[in-house]
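> sharing a model prediction with you, sequence too.
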2 protein chains.
Amino acid sequence: MTEDRVLLSHGDGGQMMADLIARVFVSRLGTGSPPGDDAARFAGAGRLAFTTDAFVVDPIFFPGGDIGKLAICGTVNDLATAGARPIAISASFILEEGLPVSDLERIADSMAEAAGDARVQVVTGDTKVVPRGRADRVYITTAGVGEVPPGVSVSGAGARPGDVVLVSGPVGDHGLSVLSRREGLEFESGIESDCAPLGGMVQALLAAVPGAVHVLRDPTRGGVAGALNEIARQSGVEIEIVESAVPVRPAVAAACEMLGLDPLYAANEGKMLVIAAAEQAECALSALRAHPRAAEAALIGRVAAGRGRVLLETALGTHRILDRHVGEQMPRIC
Amino acid sequence: MTEDRVLLSHGDGGQMMADLIARVFVSRLGTGSPPGDDAARFAGAGRLAFTTDAFVVDPIFFPGGDIGKLAICGTVNDLATAGARPIAISASFILEEGLPVSDLERIADSMAEAAGDARVQVVTGDTKVVPRGRADRVYITTAGVGEVPPGVSVSGAGARPGDVVLVSGPVGDHGLSVLSRREGLEFESGIESDCAPLGGMVQALLAAVPGAVHVLRDPTRGGVAGALNEIARQSGVEIEIVESAVPVRPAVAAACEMLGLDPLYAANEGKMLVIAAAEQAECALSALRAHPRAAEAALIGRVAAGRGRVLLETALGTHRILDRHVGEQMPRIC
């Protein structure tokens, strides 16, 4: 195949599609699975986790990552929220006619690198092509299967009054990186996406404080505020956050100021919220800080008895309800 | 939520997204998994199969089905090609701003019905919204996890010289149904998509002739010709098909004639190609015909020693190579 742009005929199940897949994907992501079969096969496990996400981020390349890295990390991190080790990932592509094949190759390279970093393989996939103007360059949907180690039981419904709320590092980097790039501000801001696989960090944490981690949640779309609201509702508790304790890089704070955004609602792609038993708070925080992806982990709040809301103690010492946002804040952030 | 069209703010991780998911998806597809968690969990199995497909069919509603039914059946059938029973399905949606919510509800209803038919549950999902003109109403990506029963070993690389080639029923119905609808010919043609889950049929076949089924492949995009070419290459054999033995409904044959298409290249969404040991041919055919989804199953050819090609004995008695097609035949057929 010598075309340098994706054509409709690359999606119709014929020779050109086979050539594109071999050239772009199998060469980079190919694995031990029998090539050509429609379903990958592998050994099972005691308890499985299963997750999926569609990625439609705009732009597809941004400081610190791209849609391919995001698609791998997003699914690995969703498995990590179940305490699961990734076993296998699937990747499904919707390509807009006219996409430069070199862009697709760059994305596949990035997926291969992220999968290697996360120690997981892309074992199966699919490619469709739609006419110009029926997609925006490339959309990727990944799904992941993981194994939940024996004794691990974390869930959004697991928060209990008295628990502590930790975050693995500064918030808002991904959201502000993508928005800065979109607004043409990336050179001034210097903000890079935090996009990274967190499976290793989570396994280290679970090993350090066995049984003490009650909830894991990666605050992606909707940010820390969105994720904590979900947890508060699932667990039927009140979560109290201290605004000044939430780490935010100065550049992110400045960009938020300029764009009129709140970092607590900005997306993260390499951070984890951890709700854990208070008596293990120090130990959990130390385990996080010992990992290179959570060196700036912080204790940001506590769980109290209540009924599904999040309360914010502001920098001024006042209290207000930190609700889910209503209406559009940041479209196509992931 | 009272909006009757999808808005960008339905995709941003806030309250409106939560409301849309609860109204449209959880009410129809909701399951025993803890609602709100990012990863579903279930008991594992000895040997797993894992598959994914993106669905971008145009139009999204067509005679005999819609994009939702297609998304469930496509993934169930890909699992069936591994001889696997479905355990769990994920569904990820990319919605175009402005999509009527009623369309989405109709699609979710259809997915629920197909999943019930296939005895599998949608256990996890994701929803993204892109601006008007960045998608075409709705794209769905499903992934599926299945369990391969002990002793079952089928693969595209399993065809052996001497094997017989069976097809579970008339070919081309799905492709011609979608194209007829697109061309405004559906009322004249009366062709309906064959879209159906084939897991039960495959399990009945495997039980009837244990060890004798070497290859299972659903001839979707690229049709029977595309699927047989893939198998011939994977197995390193020659496959010989008798054109007059391939069942084609008269209406499909007539529509193909009118549109200048070959039914051997037209997509199917409820048919299975079966390559099996010759000594079990009659028994396999009887087992297929005993199942309501394969009443018109037929023996259409044989496997010979060779090097990865498909040979067609035409209705005139001549022989020609049946290649994968090159270039666009039927875009957005699934």
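That came in fine, so what should we check first?
> which bits of the stretch 151-300 of chain A sit near chain B?
By Cβ under 8 Å from any Cβ of the partner chain, the residues of the stretch 151-300 of chain A that approach chain B are A:155-157, A:217-218, A:220-223, A:226, A:230, A:233-234, A:267. For every residue, glycine as well, the C-beta is placed using N, CA and C.
> center of chain A - which residue?
residue A:74 (3.2 Å; Cα atoms, centre = their mean).
> ok, it to residue A:125 distance?
16 Å (Cβ to Cβ, to the nearest Å).
> just say helix, strand or coil for the closest residue to chain B within the stretch 1-150 of chain A.
Closest residue of the stretch 1-150 of chain A to chain B, Cβ to the nearest Cβ: residue A:13 (2.9 Å). Following DSSP: H, G, I helix; E, B strand; the rest coil, the label given to residue A:13 is coil.
> for residue A:298, name its beta-bridge partners.
residue A:167 (DSSP bridges).
> so what does the helix or strand that contains residue A:91 touch, helix or strand wise?
Assigned by DSSP states H and E, residue A:91 belongs to strand A:85-96. Here strand A:85-96 touches strand A:40-43, helix A:67-80, helix A:101-118, strand A:122-130, strand A:138-147, helix A:199-208, strand B:47-55, strand B:138-147, going by 3 or more Cβ pairs under 8 Å, 6 or more residues apart in numbering or on different chains; DSSP states H and E.
> now that we have the ones you listed, can you turn them into a markdown table and tack on mean pLDDT and distance to residue B:96?
Shown next, in a markdown table, are those (pLDDT from 0 to 100; distance: least, Cβ to Cβ, whole Å):
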| stretch | mean pLDDT | distance to residue B:96 |
| --- | --- | --- |
| strand A:40-43 | 76 | 31 |
| helix A:67-80 | 97 | 18 |
| helix A:101-118 | 94 | 22 |
| strand A:122-130 | 92 | 11 |
| strand A:138-147 | 96 | 12 |
| helix A:199-208 | 97 | 33 |
| strand B:47-55 | 94 | 14 |
| strand B:138-147 | 96 | 7 |
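> for residue B:254, find the nearest of these.
Closest approach to residue B:254 among the helices and strands packed on strand A:85-96 (Cβ to Cβ): strand B:47-55, 27.4 Å.
> neighbouring strands for the next helix or strand after that closest one, and are they parallel or not?
Where DSSP H and E defines the elements, the next helix or strand beyond strand B:47-55 is strand B:61-62. Sheet pairing of strand B:61-62 (DSSP bridges) gives strand B:65-66 (antiparallel).
> what lies in contact with the strand it pairs with?
For strand B:65-66, contacts defined as Cβ atoms under 8 Å, 6 or more residues apart in numbering or on different chains pick out B:60, B:73, B:106-107, B:110, B:177, B:192-193, B:195, B:269.
> so what's the residue count around the closest residue to residue A:10 other than its chain neighbours?
Excluding the flanking residues, the one nearest residue A:10 by Cβ to Cβ, 6 or more residues apart in numbering or on different chains is residue A:20, at 4.7 Å. Neighbours of residue A:20 under the rule other Cβ atoms under 10 Å in any protein chain shown: 23.
> hang on, residue A:20 is in a helix, isn't it?
Yes - Residue A:20 forms part of a helix when assessed by three-state DSSP.
> for the host helix or strand of residue A:177, packing partners?
Take DSSP H and E as the rule and residue A:177 turns out to sit in helix A:173-182. Helices and strands touching helix A:173-182, by 3+ Cβ pairs under 8 Å, 6+ apart, are strand A:61-62, helix A:186-189, helix A:250-259.
> what do you get if the cut-off is 6 Å, keeping everything else the same?
Secondary-structure packing of helix A:173-182 (3 or more Cβ pairs under 6 Å, 6 or more residues apart in numbering or on different chains; DSSP states H and E): strand A:61-62, helix A:250-259.
> tell me how far the first one is from the chain's mean position?
What it means is strand A:61-62. 15 Å (Cα atoms, centre = their mean, to the nearest Å).
> farthest pair within the residues of the stretch 151-300 of chain A next to chain B?
A:157 and A:267 (23.3 Å).
> of the residues of the stretch 151-300 of chain A next to chain B - the most surrounded one?
residue A:267 (31 neighbours).
> before we move on, back to that, tell me the strands beside the strand holding residue A:91, with direction?
strand A:122-130 (parallel), strand A:138-147 (antiparallel).
> tell me which residues are up against that strand.
Contacts with strand A:85-96, where a contact means Cβ atoms under 6 Å, 6 or more residues apart in numbering or on different chains, come from A:6, A:42, A:75-76, A:79, A:120, A:122-129, A:135, A:137-147, A:199, B:50, B:52, B:54, B:139, B:141, B:143.
> could you list the low-pLDDT ranges of chain A?
A:1-2, A:30-36, A:186-187, A:326-329 (pLDDT under 70).
> returning to that earlier point: so the residue of the stretch 1-150 of chain A closest to chain B touches residue B:224, yeah?
No - counting by Cβ atoms under 6 Å, residue A:13 does not reach residue B:224; the two are 11.3 Å apart.
> how close does the nearest residue to residue A:50 once chain neighbours are set aside sit to residue A:77?
The shortest distance from residue A:50 to any non-neighbouring residue, by Cβ to Cβ, 6+ apart, is to residue B:40 (4.8 Å). Noted for residue B:40: a distance of 15 Å to residue A:77, by Cβ to Cβ.
> check whether the residue nearest to residue A:10 really touches residue A:11, as I assumed.
No - the pair residue A:20 and residue A:11 fails to qualify as a contact (Cβ under 6 Å) at a distance of 8.7 Å.
> of residue B:40 and residue A:77, who's got more company?
Taking neighbours as other Cβ under 10 Å, residue B:40 and residue A:77 compare with residue A:77 leading, 32 against 24.
> any idea how far the more buried one is from residue B:205?
40 Å.
> care to break chain A down by domain?
According to automatic domain parsing, chain A comprises the domains A:8-148, A:164-321.
> so which of those is the most surrounded?
domain A:8-148 (a mean of 23; mean count of other Cβ atoms under 10 Å in any protein chain shown).
> chain center to that one: distance?
Using Cα atoms, centre = their mean, the offset of domain A:8-148 from its chain centre is 14 Å.
> check stretch A:148-155 too.
Going by Cα atoms, centre = their mean, where stretch A:148-155 is centred and where its chain is centred differ by 20 Å.
> quick one: end-to-end distance for that stretch.
End-to-end distance of stretch A:148-155 (Cα to Cα, to the nearest Å): 12 Å.
> buried set for that stretch?
A:148-149, A:152, A:154-155 (16 or more other Cβ atoms under 10 Å in any protein chain shown).
> which outside residues touch that stretch?
With Cβ under 6 Å, 6+ apart, stretch A:148-155 has contacts from A:47, A:49, A:82-84, A:206, A:213, A:215-216, B:34, B:37.
> biggest separation within these, which pair?
Among the contacts of stretch A:148-155, A:206 and B:34 lie farthest apart (Cβ to Cβ), at 18.5 Å.
> ok, and what's touching stretch A:299-318?
With Cβ under 6 Å, 6+ apart, stretch A:299-318 has contacts from A:159, A:161, A:163-167, A:228-229, A:232-233, A:236-246, A:319-322.
> just the C-alphas of that stretch, formatted as CSV.
C-alpha atoms of stretch A:299-318 as CSV (Å, rounded to 0.1, in the frame of the first residue of the first chain):
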residue,chain,number,x,y,z
LEU,A,299,-4.4,14.2,51.8
ILE,A,300,-7.2,16.5,50.6
GLY,A,301,-10.2,15.6,52.7
ARG,A,302,-12.3,13.2,54.8
VAL,A,303,-15.5,11.2,54.5
ALA,A,304,-18.3,12.0,56.9
ALA,A,305,-21.8,10.6,57.5
GLY,A,306,-24.2,12.3,55.1
ARG,A,307,-26.3,11.9,52.0
GLY,A,308,-24.3,12.0,48.8
ARG,A,309,-22.8,15.4,48.5
VAL,A,310,-19.4,17.0,48.5
LEU,A,311,-18.5,20.0,50.7
LEU,A,312,-15.6,22.3,49.9
GLU,A,313,-13.8,24.3,52.6
THR,A,314,-12.6,27.2,50.5
ALA,A,315,-9.3,29.1,50.9
LEU,A,316,-11.2,31.7,52.7
GLY,A,317,-12.4,29.2,55.3
THR,A,318,-16.0,29.2,54.2
